[in-house]
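Participant: Show me the folded form of this:
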Amino acid sequence: MAEEKDLKYRNLFLGLLFDGIGMLSFVIPGIGEFSDVIWAPIAGWLMTRLYKGKIGQAAGLVTFVEELIPGLDIIPSFTIMWLYTYVFSSKKDKKIES
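Facilitator: Got it, this is the predicted structure:
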């Protein structure tokens, strides 16, 4: 149980960090869009490492595309995936158990 909680908060911290890195391209005008070409595949791969299975693969693909398309960096895909995994899916699982 403690391991699950540690993993949950580790993923939250890493997700916020990775979303922050993805948004850094807005800070450096001109260079930012070039950095997205480098960051997009890394972000997609990191997403598949944080979240296993088909849902992680789908999220990795969405993250890759989101980071690659100019202007969409503002979307916090890692944080959204964390919310989906640990908040919304948890509620659904609890309803099924009841």
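Participant: which residues in the protein form helices?
Facilitator: 2-23, 32-50, 53-68, 77-83, 89-97 (DSSP state H).
Participant: Any stretches of the protein with poor pLDDT?
Facilitator: Scanning the chain for pLDDT under 70 picks out 1-2, 32, 90-98.
Participant: Roughly how far does the residue positioned nearest the centre of the chain sit from Gly20?
Facilitator: Relative to the mean C-alpha position of the chain, the nearest C-alpha, by Cα atoms, centre = their mean, is the one of Phe78, at 1.7 Å. Per Cβ to Cβ, to the nearest Å, Phe78 is found 9 Å from Gly20. Where you see a C-beta, it was placed from the backbone N, CA and C, and this is true even at glycine.
Participant: And for Gln57?
Facilitator: Taking Cβ to Cβ, one finds Gln57 at 23 Å from Gly20.
Participant: do the same with Tyr51
Facilitator: Computed with Cβ to Cβ, the distance linking Tyr51 and Gly20 is 18 Å.
Participant: Comparing these two, which residue is more hemmed in?
Facilitator: Counted by other Cβ atoms under 10 Å, Tyr51 and Gly20 do not tie: Tyr51 has more neighbours, with 21 against 12.
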